[in-house]
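[1] I'd like to go over a predicted model; first the sequence, then the structure.
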Amino acid sequence: MDLELNASQRESVSGGVHFDAGRWVLASTILASAMAFIDSSALNVALPALQVGLQASGAQLLWVVNGYLLVLAALILVGGSLGDELGRKRVFMAGIGLFMLASLACGLAPTADFLIGARLAAGVGGALMIPGSLAIISSYFGAERRGQAIGTWSSATTMVTIAGPVLGGLLSNAGLWRGVFLINLPLGAVALTVLYLKVPESRDEESSGKIDYLGALLAMLGLAGLTYGFISAPAFGFGDPRVGGTLAGGVIALAAFVVVEARREGSGRAMLPLSLFNSRTFSGTNLMTLFLYGALSVGGFFLSLNLVQAQGYSLAIAGLTFLPSALLLTTLSRWSGKLADRYGARLPLVVGPLLVGVAYGVMARVGVTHGPADYWTTYFPGIVLLGLGMGLTVAPLTTAVMGSVATHHSGTASGVNNAVARTAGVLAIAMVGAVALFAFATALQERTAALNLPTEARTALQAEAGRLGGAEVPAQVATEDAGATKLAIKLAFVDAFRVVMAICAGLAWLSAGMAALLVERKTLTPNPSPNYGSGG
(Lines give C-alpha, C1' and ligand atoms only; values in the text may rest on other atoms or scores of the structure.)
Protein backbone atom coordinates (compact mmCIF):
# COMPACT_ATOMS: atom_id res chain seq x y z
CA MET A 1 0.00 0.00 0.00
CA ASP A 2 1.48 3.35 -1.04
CA LEU A 3 -0.91 6.28 -0.83
CA GLU A 4 -0.02 9.23 -3.05
CA LEU A 5 -1.14 12.78 -2.40
CA ASN A 6 -1.64 14.89 -5.52
CA ALA A 7 -1.61 18.68 -5.58
CA SER A 8 -5.38 19.17 -5.17
CA GLN A 9 -5.58 16.66 -2.32
CA ARG A 10 -2.64 18.32 -0.61
CA GLU A 11 -4.42 21.68 -0.85
CA SER A 12 -7.57 20.17 0.63
CA VAL A 13 -5.65 18.77 3.57
CA SER A 14 -3.88 22.11 4.04
CA GLY A 15 -7.23 23.86 4.12
CA GLY A 16 -8.49 21.48 6.76
CA VAL A 17 -11.10 19.61 4.68
CA HIS A 18 -9.55 16.19 5.31
CA PHE A 19 -8.86 16.78 8.99
CA ASP A 20 -8.63 13.04 9.72
CA ALA A 21 -5.61 12.82 7.39
CA GLY A 22 -4.04 15.72 9.26
CA ARG A 23 -4.54 13.93 12.56
CA TRP A 24 -2.86 10.78 11.25
CA VAL A 25 0.04 12.86 9.93
CA LEU A 26 0.52 14.47 13.33
CA ALA A 27 0.14 11.17 15.19
CA SER A 28 2.77 9.37 13.11
CA THR A 29 5.28 12.20 13.13
CA ILE A 30 4.85 12.71 16.86
CA LEU A 31 5.46 9.04 17.65
CA ALA A 32 8.54 8.84 15.44
CA SER A 33 9.97 12.10 16.76
CA ALA A 34 9.39 10.88 20.30
CA MET A 35 11.93 8.11 19.65
CA ALA A 36 14.67 10.65 19.05
CA PHE A 37 13.62 12.91 21.92
CA ILE A 38 13.38 10.07 24.43
CA ASP A 39 16.70 8.69 23.25
CA SER A 40 18.54 11.93 23.98
CA SER A 41 16.71 13.06 27.12
CA ALA A 42 16.75 9.67 28.86
CA LEU A 43 20.34 8.96 27.84
CA ASN A 44 21.67 12.09 29.54
CA VAL A 45 20.27 10.92 32.88
CA ALA A 46 21.47 7.34 32.31
CA LEU A 47 25.07 8.34 31.54
CA PRO A 48 26.41 7.86 35.10
CA ALA A 49 24.97 4.33 35.27
CA LEU A 50 26.19 3.59 31.76
CA GLN A 51 29.68 4.76 32.71
CA VAL A 52 29.76 2.37 35.66
CA GLY A 53 28.14 -0.51 33.77
CA LEU A 54 30.53 -0.40 30.82
CA GLN A 55 33.54 1.07 32.67
CA ALA A 56 33.59 3.97 30.21
CA SER A 57 36.10 6.80 30.37
CA GLY A 58 35.11 10.45 30.15
CA ALA A 59 36.19 10.52 26.49
CA GLN A 60 34.10 7.43 25.75
CA LEU A 61 31.07 9.07 27.37
CA LEU A 62 31.56 12.06 25.09
CA TRP A 63 31.72 9.69 22.11
CA VAL A 64 28.53 7.84 23.14
CA VAL A 65 26.70 11.14 22.74
CA ASN A 66 28.81 12.63 19.96
CA GLY A 67 29.07 9.50 17.80
CA TYR A 68 25.34 9.65 17.19
CA LEU A 69 25.30 13.41 16.72
CA LEU A 70 28.30 13.30 14.37
CA VAL A 71 26.70 10.94 11.85
CA LEU A 72 23.33 12.62 12.26
CA ALA A 73 24.74 16.08 11.56
CA ALA A 74 26.74 14.88 8.55
CA LEU A 75 23.92 12.92 6.89
CA ILE A 76 20.76 14.72 7.91
CA LEU A 77 20.90 16.96 4.85
CA VAL A 78 21.08 13.86 2.68
CA GLY A 79 18.10 12.49 4.59
CA GLY A 80 16.08 15.62 3.88
CA SER A 81 17.05 15.57 0.19
CA LEU A 82 16.25 11.87 -0.14
CA GLY A 83 12.81 12.51 1.31
CA ASP A 84 12.14 15.32 -1.13
CA GLU A 85 13.25 13.20 -4.08
CA LEU A 86 12.28 9.59 -3.27
CA GLY A 87 9.23 10.26 -1.14
CA ARG A 88 9.12 11.71 2.36
CA LYS A 89 7.02 8.93 3.83
CA ARG A 90 9.19 6.19 2.29
CA VAL A 91 12.48 7.62 3.56
CA PHE A 92 10.90 8.47 6.92
CA MET A 93 9.84 4.84 7.40
CA ALA A 94 13.28 3.55 6.39
CA GLY A 95 14.87 5.81 8.99
CA ILE A 96 12.51 4.61 11.70
CA GLY A 97 13.31 0.98 10.91
CA LEU A 98 17.08 1.52 11.00
CA PHE A 99 16.82 3.57 14.19
CA MET A 100 14.92 0.70 15.84
CA LEU A 101 17.56 -1.86 14.84
CA ALA A 102 20.37 0.38 16.09
CA SER A 103 18.50 0.96 19.36
CA LEU A 104 18.28 -2.80 19.82
CA ALA A 105 22.05 -3.08 19.29
CA CYS A 106 22.63 -0.26 21.81
CA GLY A 107 20.47 -2.05 24.36
CA LEU A 108 22.52 -5.23 23.97
CA ALA A 109 25.97 -3.55 23.85
CA PRO A 110 28.60 -5.55 25.81
CA THR A 111 31.27 -2.81 25.80
CA ALA A 112 31.55 0.96 25.53
CA ASP A 113 33.20 0.69 22.11
CA PHE A 114 30.38 -1.53 20.81
CA LEU A 115 27.85 0.98 22.11
CA ILE A 116 29.66 3.81 20.31
CA GLY A 117 29.47 1.80 17.08
CA ALA A 118 25.76 1.17 17.54
CA ARG A 119 25.23 4.86 18.19
CA LEU A 120 26.91 5.62 14.88
CA ALA A 121 24.37 3.35 13.17
CA ALA A 122 21.55 5.09 15.05
CA GLY A 123 22.83 8.36 13.62
CA VAL A 124 22.26 7.05 10.09
CA GLY A 125 18.69 6.09 10.98
CA GLY A 126 18.11 9.43 12.64
CA ALA A 127 19.39 11.27 9.57
CA LEU A 128 16.71 9.57 7.47
CA MET A 129 14.00 9.93 10.10
CA ILE A 130 14.32 13.32 11.74
CA PRO A 131 13.91 15.67 8.73
CA GLY A 132 10.80 13.76 7.68
CA SER A 133 8.63 14.86 10.59
CA LEU A 134 8.53 18.57 9.84
CA ALA A 135 8.77 18.06 6.08
CA ILE A 136 5.64 15.89 6.10
CA ILE A 137 3.81 18.36 8.35
CA SER A 138 4.78 21.27 6.11
CA SER A 139 3.56 19.37 3.04
CA TYR A 140 0.10 18.72 4.49
CA PHE A 141 -0.65 21.94 6.35
CA GLY A 142 -0.94 25.32 4.64
CA ALA A 143 0.74 28.49 5.86
CA GLU A 144 -2.33 29.58 7.83
CA ARG A 145 -2.29 26.41 9.95
CA ARG A 146 1.35 25.41 9.83
CA GLY A 147 2.37 27.29 12.97
CA GLN A 148 -0.45 25.71 14.97
CA ALA A 149 0.36 22.25 13.60
CA ILE A 150 4.04 22.65 14.44
CA GLY A 151 3.07 23.94 17.88
CA THR A 152 0.88 20.86 18.38
CA TRP A 153 3.75 18.65 17.23
CA SER A 154 6.17 20.42 19.60
CA SER A 155 3.76 20.21 22.52
CA ALA A 156 2.75 16.59 21.91
CA THR A 157 6.26 15.31 21.38
CA THR A 158 7.28 16.98 24.61
CA MET A 159 4.33 15.41 26.41
CA VAL A 160 5.28 12.01 25.01
CA THR A 161 8.94 12.46 25.87
CA ILE A 162 8.46 14.26 29.17
CA ALA A 163 8.87 10.85 30.80
CA GLY A 164 12.30 10.47 29.15
CA PRO A 165 14.49 11.76 32.00
CA VAL A 166 12.21 10.20 34.61
CA LEU A 167 12.17 6.87 32.78
CA GLY A 168 15.93 7.02 32.25
CA GLY A 169 16.48 7.72 35.94
CA LEU A 170 14.13 4.99 37.15
CA LEU A 171 15.51 2.36 34.78
CA SER A 172 19.11 3.26 35.59
CA ASN A 173 18.40 3.32 39.32
CA ALA A 174 17.11 -0.25 38.98
CA GLY A 175 20.18 -1.30 37.02
CA LEU A 176 18.23 -1.37 33.74
CA TRP A 177 19.86 1.50 31.84
CA ARG A 178 19.72 -0.57 28.65
CA GLY A 179 15.97 -0.03 28.62
CA VAL A 180 16.66 3.60 27.66
CA PHE A 181 17.39 2.32 24.15
CA LEU A 182 14.90 -0.54 24.04
CA ILE A 183 11.91 1.77 24.69
CA ASN A 184 12.28 2.94 21.09
CA LEU A 185 11.12 -0.41 19.72
CA PRO A 186 7.38 -0.23 20.56
CA LEU A 187 7.20 3.46 19.65
CA GLY A 188 8.75 2.80 16.27
CA ALA A 189 6.48 -0.17 15.58
CA VAL A 190 3.32 1.90 16.15
CA ALA A 191 4.65 4.81 14.07
CA LEU A 192 5.46 2.50 11.15
CA THR A 193 1.99 0.97 11.27
CA VAL A 194 0.24 4.36 11.19
CA LEU A 195 2.47 5.64 8.40
CA TYR A 196 1.97 2.55 6.26
CA LEU A 197 -1.81 2.47 6.60
CA LYS A 198 -2.90 6.10 6.92
CA VAL A 199 -0.37 8.68 5.70
CA PRO A 200 -0.14 9.56 1.96
CA GLU A 201 3.16 9.97 0.17
CA SER A 202 4.61 13.34 -0.92
CA ARG A 203 7.77 14.45 -2.70
CA ASP A 204 9.37 17.43 -4.43
CA GLU A 205 8.19 17.13 -8.04
CA GLU A 206 10.94 19.53 -9.20
CA SER A 207 13.73 17.41 -7.73
CA SER A 208 16.79 16.72 -9.90
CA GLY A 209 16.97 13.14 -8.63
CA LYS A 210 20.69 13.44 -7.81
CA ILE A 211 22.08 13.01 -4.30
CA ASP A 212 25.18 14.87 -3.12
CA TYR A 213 27.19 12.02 -1.64
CA LEU A 214 30.51 13.87 -1.98
CA GLY A 215 29.09 16.72 0.09
CA ALA A 216 27.94 14.27 2.76
CA LEU A 217 31.37 12.62 2.87
CA LEU A 218 33.17 15.95 3.24
CA ALA A 219 30.77 17.05 5.97
CA MET A 220 31.31 13.82 7.90
CA LEU A 221 35.10 13.98 7.56
CA GLY A 222 35.11 17.61 8.66
CA LEU A 223 32.95 17.05 11.72
CA ALA A 224 34.78 13.83 12.61
CA GLY A 225 38.15 15.59 12.46
CA LEU A 226 37.03 18.41 14.72
CA THR A 227 35.28 16.04 17.12
CA TYR A 228 38.21 13.65 17.48
CA GLY A 229 40.69 16.51 17.78
CA PHE A 230 38.88 18.34 20.58
CA ILE A 231 37.90 15.22 22.54
CA SER A 232 41.47 13.86 22.33
CA ALA A 233 43.18 17.16 23.17
CA PRO A 234 43.00 16.78 26.99
CA ALA A 235 44.75 13.40 26.79
CA PHE A 236 47.39 14.15 24.13
CA GLY A 237 47.67 17.95 24.07
CA PHE A 238 47.09 20.29 21.12
CA GLY A 239 50.71 19.92 20.06
CA ASP A 240 50.29 16.21 19.35
CA PRO A 241 50.15 15.44 15.59
CA ARG A 242 47.05 13.27 16.12
CA VAL A 243 45.21 16.26 17.54
CA GLY A 244 46.59 19.05 15.38
CA GLY A 245 46.40 16.92 12.23
CA THR A 246 42.77 15.91 12.70
CA LEU A 247 41.72 19.45 13.63
CA ALA A 248 43.42 20.84 10.53
CA GLY A 249 41.96 18.06 8.39
CA GLY A 250 38.49 18.80 9.76
CA VAL A 251 38.75 22.48 8.90
CA ILE A 252 40.01 21.68 5.40
CA ALA A 253 37.22 19.17 4.78
CA LEU A 254 34.53 21.62 5.89
CA ALA A 255 36.02 24.36 3.70
CA ALA A 256 36.01 21.94 0.78
CA PHE A 257 32.39 21.11 1.59
CA VAL A 258 31.38 24.76 1.19
CA VAL A 259 33.27 25.03 -2.12
CA VAL A 260 31.69 21.85 -3.48
CA GLU A 261 28.19 22.95 -2.47
CA ALA A 262 28.66 26.35 -4.11
CA ARG A 263 29.78 24.75 -7.39
CA ARG A 264 27.01 22.13 -7.42
CA GLU A 265 24.11 24.43 -6.63
CA GLY A 266 23.69 25.62 -10.20
CA SER A 267 23.11 22.05 -11.37
CA GLY A 268 20.63 21.34 -8.59
CA ARG A 269 22.92 18.70 -7.06
CA ALA A 270 23.93 20.54 -3.88
CA MET A 271 23.06 18.90 -0.57
CA LEU A 272 23.10 22.35 1.03
CA PRO A 273 21.63 24.99 -1.31
CA LEU A 274 23.60 28.06 -0.24
CA SER A 275 20.99 30.34 -1.84
CA LEU A 276 18.68 29.48 1.06
CA PHE A 277 20.89 31.70 3.20
CA ASN A 278 20.04 34.74 1.06
CA SER A 279 17.02 35.00 3.32
CA ARG A 280 17.94 36.99 6.43
CA THR A 281 15.44 35.05 8.50
CA PHE A 282 16.71 31.66 7.36
CA SER A 283 20.30 32.71 8.06
CA GLY A 284 19.40 34.26 11.40
CA THR A 285 17.37 31.33 12.67
CA ASN A 286 20.11 28.88 11.77
CA LEU A 287 22.80 30.99 13.42
CA MET A 288 20.75 31.24 16.60
CA THR A 289 20.10 27.49 16.40
CA LEU A 290 23.85 26.89 16.26
CA PHE A 291 24.52 28.82 19.46
CA LEU A 292 21.37 27.86 21.39
CA TYR A 293 21.43 24.14 20.69
CA GLY A 294 25.15 24.03 21.35
CA ALA A 295 24.39 25.37 24.82
CA LEU A 296 21.51 22.96 25.34
CA SER A 297 23.49 19.89 24.26
CA VAL A 298 26.50 20.46 26.46
CA GLY A 299 24.42 21.92 29.31
CA GLY A 300 22.18 18.86 29.59
CA PHE A 301 25.14 16.50 29.36
CA PHE A 302 27.05 18.08 32.25
CA LEU A 303 24.02 18.91 34.39
CA SER A 304 23.06 15.23 34.60
CA LEU A 305 26.61 14.21 35.52
CA ASN A 306 26.84 16.98 38.10
CA LEU A 307 23.58 16.10 39.84
CA VAL A 308 24.51 12.44 40.23
CA GLN A 309 28.29 12.43 40.58
CA ALA A 310 28.91 15.65 42.52
CA GLN A 311 25.62 16.52 44.22
CA GLY A 312 24.69 13.00 45.31
CA TYR A 313 21.28 12.74 43.61
CA SER A 314 20.01 9.26 42.86
CA LEU A 315 19.47 8.55 39.17
CA ALA A 316 15.71 8.50 39.65
CA ILE A 317 15.65 11.87 41.44
CA ALA A 318 18.02 13.36 38.86
CA GLY A 319 15.51 12.42 36.16
CA LEU A 320 12.67 14.07 38.06
CA THR A 321 14.55 17.36 38.36
CA PHE A 322 14.00 18.02 34.62
CA LEU A 323 10.20 17.78 34.89
CA PRO A 324 9.53 21.50 35.58
CA SER A 325 11.40 22.49 32.42
CA ALA A 326 9.64 19.87 30.30
CA LEU A 327 6.20 20.82 31.66
CA LEU A 328 6.75 24.49 30.87
CA LEU A 329 7.96 23.65 27.39
CA THR A 330 4.87 21.52 26.83
CA THR A 331 2.51 24.19 28.13
CA LEU A 332 4.00 27.08 26.18
CA SER A 333 4.86 25.50 22.82
CA ARG A 334 1.38 25.58 21.27
CA TRP A 335 0.73 29.11 22.58
CA SER A 336 4.07 30.44 21.34
CA GLY A 337 3.44 28.86 17.92
CA LYS A 338 0.16 30.80 17.63
CA LEU A 339 1.95 33.93 18.86
CA ALA A 340 4.51 33.62 16.07
CA ASP A 341 1.75 33.11 13.49
CA ARG A 342 0.01 36.29 14.57
CA TYR A 343 2.76 38.74 15.52
CA GLY A 344 5.97 37.34 14.08
CA ALA A 345 8.74 35.20 15.51
CA ARG A 346 11.43 37.75 16.38
CA LEU A 347 10.30 38.82 19.87
CA PRO A 348 9.97 35.29 21.32
CA LEU A 349 13.21 34.31 19.58
CA VAL A 350 15.01 37.11 21.41
CA VAL A 351 13.35 36.78 24.83
CA GLY A 352 13.51 32.96 24.92
CA PRO A 353 17.29 32.55 24.53
CA LEU A 354 17.89 35.47 26.91
CA LEU A 355 15.98 33.53 29.59
CA VAL A 356 17.93 30.37 28.76
CA GLY A 357 21.19 32.27 29.29
CA VAL A 358 19.98 33.56 32.64
CA ALA A 359 19.04 29.97 33.58
CA TYR A 360 22.57 28.74 32.97
CA GLY A 361 23.95 31.75 34.83
CA VAL A 362 21.83 30.84 37.85
CA MET A 363 23.05 27.22 37.78
CA ALA A 364 26.66 28.34 37.41
CA ARG A 365 26.45 29.90 40.89
CA VAL A 366 25.59 26.61 42.63
CA GLY A 367 28.38 24.89 44.53
CA VAL A 368 28.37 21.52 46.30
CA THR A 369 24.94 21.12 47.93
CA HIS A 370 23.38 18.75 50.43
CA GLY A 371 21.66 16.82 47.68
CA PRO A 372 17.97 16.85 46.69
CA ALA A 373 17.03 18.64 49.93
CA ASP A 374 18.58 21.82 48.50
CA TYR A 375 17.12 21.45 45.00
CA TRP A 376 14.36 24.05 45.38
CA THR A 377 16.78 26.86 46.25
CA THR A 378 19.64 25.83 43.96
CA TYR A 379 18.79 24.18 40.63
CA PHE A 380 15.00 24.59 40.53
CA PRO A 381 15.02 28.33 39.63
CA GLY A 382 17.43 27.74 36.76
CA ILE A 383 15.48 24.75 35.44
CA VAL A 384 12.24 26.78 35.51
CA LEU A 385 13.88 29.62 33.58
CA LEU A 386 15.24 27.08 31.10
CA GLY A 387 11.73 25.72 30.50
CA LEU A 388 10.27 29.20 30.09
CA GLY A 389 12.97 30.20 27.63
CA MET A 390 12.67 27.08 25.50
CA GLY A 391 8.86 27.17 25.66
CA LEU A 392 9.00 30.62 24.08
CA THR A 393 11.58 29.56 21.50
CA VAL A 394 10.95 26.10 20.03
CA ALA A 395 7.72 26.53 18.03
CA PRO A 396 8.47 30.09 16.76
CA LEU A 397 11.96 28.99 15.71
CA THR A 398 10.65 26.05 13.71
CA THR A 399 7.85 28.15 12.19
CA ALA A 400 10.30 30.87 11.15
CA VAL A 401 12.69 28.37 9.55
CA MET A 402 10.01 26.53 7.59
CA GLY A 403 8.21 29.74 6.60
CA SER A 404 11.32 31.36 5.12
CA VAL A 405 11.69 28.88 2.23
CA ALA A 406 9.54 27.61 -0.63
CA THR A 407 7.28 24.68 0.27
CA HIS A 408 8.96 22.31 -2.20
CA HIS A 409 12.22 22.81 -0.27
CA SER A 410 10.61 21.99 3.09
CA GLY A 411 12.56 18.73 3.47
CA THR A 412 15.85 20.45 2.72
CA ALA A 413 15.06 23.36 5.05
CA SER A 414 14.15 21.00 7.88
CA GLY A 415 17.31 19.02 7.18
CA VAL A 416 19.47 22.15 7.22
CA ASN A 417 18.08 23.36 10.53
CA ASN A 418 18.32 19.91 12.11
CA ALA A 419 21.87 19.58 10.75
CA VAL A 420 22.78 22.92 12.32
CA ALA A 421 21.28 21.85 15.66
CA ARG A 422 23.14 18.53 15.63
CA THR A 423 26.36 20.11 14.39
CA ALA A 424 26.05 22.53 17.28
CA GLY A 425 25.79 19.58 19.65
CA VAL A 426 28.79 17.83 18.11
CA LEU A 427 31.03 20.88 18.24
CA ALA A 428 29.85 22.11 21.64
CA ILE A 429 30.22 18.74 23.35
CA ALA A 430 33.64 18.21 21.74
CA MET A 431 34.99 21.73 22.37
CA VAL A 432 33.36 22.50 25.72
CA GLY A 433 33.93 18.89 26.78
CA ALA A 434 37.64 19.41 26.15
CA VAL A 435 37.54 22.61 28.21
CA ALA A 436 35.77 20.72 31.00
CA LEU A 437 38.36 17.94 31.00
CA PHE A 438 41.17 20.52 31.20
CA ALA A 439 39.33 22.49 33.90
CA PHE A 440 38.61 19.38 35.98
CA ALA A 441 42.20 18.13 35.82
CA THR A 442 43.54 21.57 36.78
CA ALA A 443 41.02 22.05 39.58
CA LEU A 444 41.76 18.57 40.93
CA GLN A 445 45.44 19.41 41.17
CA GLU A 446 44.66 22.64 42.99
CA ARG A 447 42.08 21.06 45.31
CA THR A 448 44.49 18.29 46.36
CA ALA A 449 47.64 20.42 46.54
CA ALA A 450 47.36 20.83 50.32
CA LEU A 451 46.85 17.09 50.91
CA ASN A 452 49.81 14.99 51.95
CA LEU A 453 49.57 12.53 49.06
CA PRO A 454 52.53 10.41 47.88
CA THR A 455 53.72 10.86 44.27
CA GLU A 456 52.23 7.57 43.09
CA ALA A 457 48.85 8.56 44.54
CA ARG A 458 48.91 11.93 42.74
CA THR A 459 49.83 10.21 39.46
CA ALA A 460 46.97 7.72 39.84
CA LEU A 461 44.57 10.55 40.73
CA GLN A 462 45.47 12.52 37.62
CA ALA A 463 44.87 9.37 35.56
CA GLU A 464 41.40 9.17 37.12
CA ALA A 465 40.72 12.77 36.03
CA GLY A 466 39.93 11.41 32.57
CA ARG A 467 36.71 9.97 34.04
CA LEU A 468 35.46 13.44 35.06
CA GLY A 469 32.97 13.21 37.95
CA GLY A 470 33.20 9.42 37.80
CA ALA A 471 36.79 9.58 39.10
CA GLU A 472 37.43 7.36 42.11
CA VAL A 473 39.86 7.69 44.99
CA PRO A 474 42.99 5.65 44.01
CA ALA A 475 44.06 2.75 46.19
CA GLN A 476 47.40 4.51 46.79
CA VAL A 477 45.67 7.20 48.88
CA ALA A 478 45.93 6.57 52.61
CA THR A 479 42.70 5.84 54.48
CA GLU A 480 42.92 9.04 56.52
CA ASP A 481 43.14 11.11 53.29
CA ALA A 482 40.42 9.26 51.36
CA GLY A 483 37.55 11.45 52.58
CA ALA A 484 39.33 14.70 51.74
CA THR A 485 40.33 13.33 48.34
CA LYS A 486 36.76 12.32 47.55
CA LEU A 487 35.54 15.79 48.49
CA ALA A 488 38.26 17.35 46.33
CA ILE A 489 37.01 15.32 43.34
CA LYS A 490 33.47 16.65 43.86
CA LEU A 491 34.65 20.23 44.30
CA ALA A 492 36.87 20.00 41.21
CA PHE A 493 33.97 18.70 39.12
CA VAL A 494 31.76 21.54 40.34
CA ASP A 495 34.52 23.99 39.37
CA ALA A 496 34.51 22.51 35.85
CA PHE A 497 30.70 22.51 35.78
CA ARG A 498 30.63 26.22 36.58
CA VAL A 499 32.93 26.93 33.64
CA VAL A 500 30.61 24.91 31.38
CA MET A 501 27.51 26.74 32.60
CA ALA A 502 29.15 30.13 32.02
CA ILE A 503 29.98 29.12 28.45
CA CYS A 504 26.40 27.90 27.93
CA ALA A 505 25.03 31.23 29.15
CA GLY A 506 27.24 33.09 26.70
CA LEU A 507 26.14 30.87 23.81
CA ALA A 508 22.45 31.43 24.64
CA TRP A 509 22.92 35.20 24.72
CA LEU A 510 24.74 35.08 21.38
CA SER A 511 21.70 33.23 20.04
CA ALA A 512 19.39 36.02 21.23
CA GLY A 513 21.65 38.55 19.54
CA MET A 514 21.43 36.70 16.20
CA ALA A 515 17.62 36.72 16.42
CA ALA A 516 17.52 40.45 17.22
CA LEU A 517 19.79 41.32 14.30
CA LEU A 518 18.59 38.99 11.56
CA VAL A 519 15.09 37.61 12.10
CA GLU A 520 12.36 39.69 10.46
CA ARG A 521 9.57 41.22 12.52
CA LYS A 522 6.70 39.65 10.60
CA THR A 523 5.98 35.97 10.16
CA LEU A 524 7.06 34.82 6.73
CA THR A 525 4.95 32.68 4.42
CA PRO A 526 6.64 30.21 2.12
CA ASN A 527 8.12 31.78 -0.98
CA PRO A 528 6.27 30.33 -3.99
CA SER A 529 9.42 30.20 -6.07
CA PRO A 530 12.93 28.89 -5.38
CA ASN A 531 14.42 32.36 -5.96
CA TYR A 532 15.35 33.34 -2.41
CA GLY A 533 15.76 37.06 -1.97
CA SER A 534 17.17 38.72 1.09
CA GLY A 535 14.76 39.57 3.83
CA GLY A 536 13.45 43.08 4.13
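    Looks like it arrived, so ask away.
[2] Could you give the average pLDDT over stretch 59-70?
    In this model, stretch 59-70 has a mean pLDDT of 86.
[3] And Gly168, how far from Ala326?
    Distance of Gly168 to Ala326, given as CB to CB, to the nearest Å: 12 Å. All C-beta spots, glycine's among them, are computed from the backbone N, C-alpha and C.
[4] Looking at the two, which has the bigger crowd around it?
    Taking other CB atoms under 10 Å, Gly168 and Ala326 do not tie; Gly168 has more neighbours (32 against 24).
[5] So for that one, what's the pLDDT?
    Note on Gly168: pLDDT of 82.
[6] cool, and the one 5 residues further on?
    According to the prediction, Asn173 has pLDDT 83.
[7] Begin at 265, not 1, for the rest of this chat.
    Sure, I'll start counting at 265 from here, so that last one is Asn437.
[8] Report the separation between it and Ala310.
    Taken as CB to CB, the span from Asn437 to Ala310 is 10 Å.
[9] okay, and the common contacts of the two?
    Shared contacts of Asn437 and Ala310 (CB atoms under 8 Å, 6 or more residues apart in numbering): Leu579.
[10] Between those two, which is the more surrounded one?
    Counted by other CB under 10 Å, Asn437 and Ala310 do not tie: Ala310 has more neighbours, with 31 against 18.
[11] And that one, how far from Ser397?
    Computed with CB to CB, the distance linking Ala310 and Ser397 is 24 Å.
[12] And for Ala488?
    Counting by CB to CB, the separation of Ala488 from Ser397 is 26 Å.
[13] average pLDDT across the helix or strand where Leu691 lies?
    Element membership of Leu691, judged by DSSP states H and E, is helix 674-711. Averaged over helix 674-711, pLDDT sits at 84.
[14] Same question for the lengthiest helix in the chain: list its buried residues.
    Counting residues, the longest helix found in the chain (DSSP state H) is helix 743-782. By neighbour count on 16 or more other CB atoms under 10 Å, the buried set for helix 743-782 is 745, 748-749, 752-765, 767-769, 771-780, 782.
[15] how far off helix 674-711 does that helix point, in degrees?
    Using axes from the mean of the first three to the mean of the last three CA atoms, to 10 degrees, the inter-axis angle of helix 743-782 relative to helix 674-711 is 140 degrees.
[16] Which strands and helices lie in contact with helix 743-782?
    Judged by 3 or more CB pairs under 8 Å, 6 or more residues apart in numbering; DSSP states H and E, the packing partners of helix 743-782 are helix 544-569, helix 610-628, helix 674-711.
[17] quick one: which of the ones you listed is nearest Val463?
    In terms of CB to CB, the element of these nearest to Val463 is helix 674-711, at 14.9 Å.
[18] angle of the closest one against helix 544-569?
    Using the same axes, to 10 degrees: helix 674-711 against helix 544-569 is 40 degrees.
[19] following helix 674-711, which helix or strand shows up next?
    Next helix or strand after helix 674-711 toward the C-terminus (DSSP H and E): helix 719-728.
[20] Return the list of helices and strands in contact with that following helix.
    In terms of contacts (3+ CB pairs under 8 Å, 6+ apart), helix 719-728 is packed against helix 674-711.
[21] Can you give me the buried ones in the helix it packs on?
    Under the neighbour-count criterion of 16+ other CB under 10 Å, helix 674-711 has 674-701, 703-705, 707-708, 711 buried.
[22] got it, and stretch 432-450?
    Buried, per 16+ other CB under 10 Å, within stretch 432-450: 432-437, 441-448.
[23] a strand runs through Arg785, doesn't it?
    No: assessed by DSSP: H, G, I helix; E, B strand; the rest coil, Arg785 does not belong to a strand; its assignment is coil.
[24] So which elements touch the helix or strand hosting Leu325?
    Assigned by DSSP H and E, Leu325 belongs to helix 322-350. Packing partners of helix 322-350 (3+ CB pairs under 8 Å, 6+ apart): helix 283-318, helix 352-371, helix 376-404, helix 477-500, helix 544-569, helix 674-711.
[25] State the next helix or strand along the chain beyond the fourth one.
    I take that to be helix 477-500. For helix 477-500, the succeeding helix or strand toward the C-terminus, using DSSP H and E, is helix 505-528.
[26] tilt between that following helix and helix 322-350?
    Counting by the same axes, to 10 degrees, helix 505-528 lies at 10 degrees to helix 322-350.
[27] Tell me the buried residues in helix 505-528?
    For helix 505-528, a neighbour-count test (16+ other CB under 10 Å) marks Val507, Thr510, Leu511, Gly513, Gly514, Ala517, Leu518, Ala520, Phe521, Val524, Glu525, Arg528 as buried.
[28] Once you drop chain neighbours, what's closest to the fifth one?
    Looking back up the chat, that one is Gly514. In this structure, Gly514 finds its nearest non-sequential neighbour in Gly489, 2.6 Å apart by CB to CB, 6 or more residues apart in numbering.
[29] check contacts around the one you found.
    Applying CB under 8 Å, 6+ apart, we find Gly489 in contact with Thr510, Leu511, Ala512, Gly513, Gly514, Val515, Ala517.
[30] again with Ala499
    So Ala499 contacts Ala323, Gly730 (CB under 8 Å, 6+ apart).
[31] Just want to check the distance between it and Ala385.
    With distances taken as CB to CB, Ala499 is found 26 Å from Ala385.
[32] and the nearest residue to Glu720 once chain neighbours are set aside, helix, strand or coil?
    Excluding the flanking residues, the one nearest Glu720 by CB to CB, 6+ apart is Gln740, at 4.9 Å. Using three-state DSSP, the structure places Gln740 in coil.
[33] Check what pLDDT Gln740 gets.
    pLDDT for Gln740: 85.
[34] got it, and Val572?
    On the pLDDT scale, Val572 gets 90.
[35] Tell me if I'm right that it and Ala582 touch.
    Yes: Val572 lies in contact with Ala582 (CB atoms under 8 Å); the separation is 5.2 Å.
[36] between these two, who's got more neighbours?
    Using other CB under 10 Å as the criterion, Val572 and Ala582 rank with Ala582 on top: 29 against 25.
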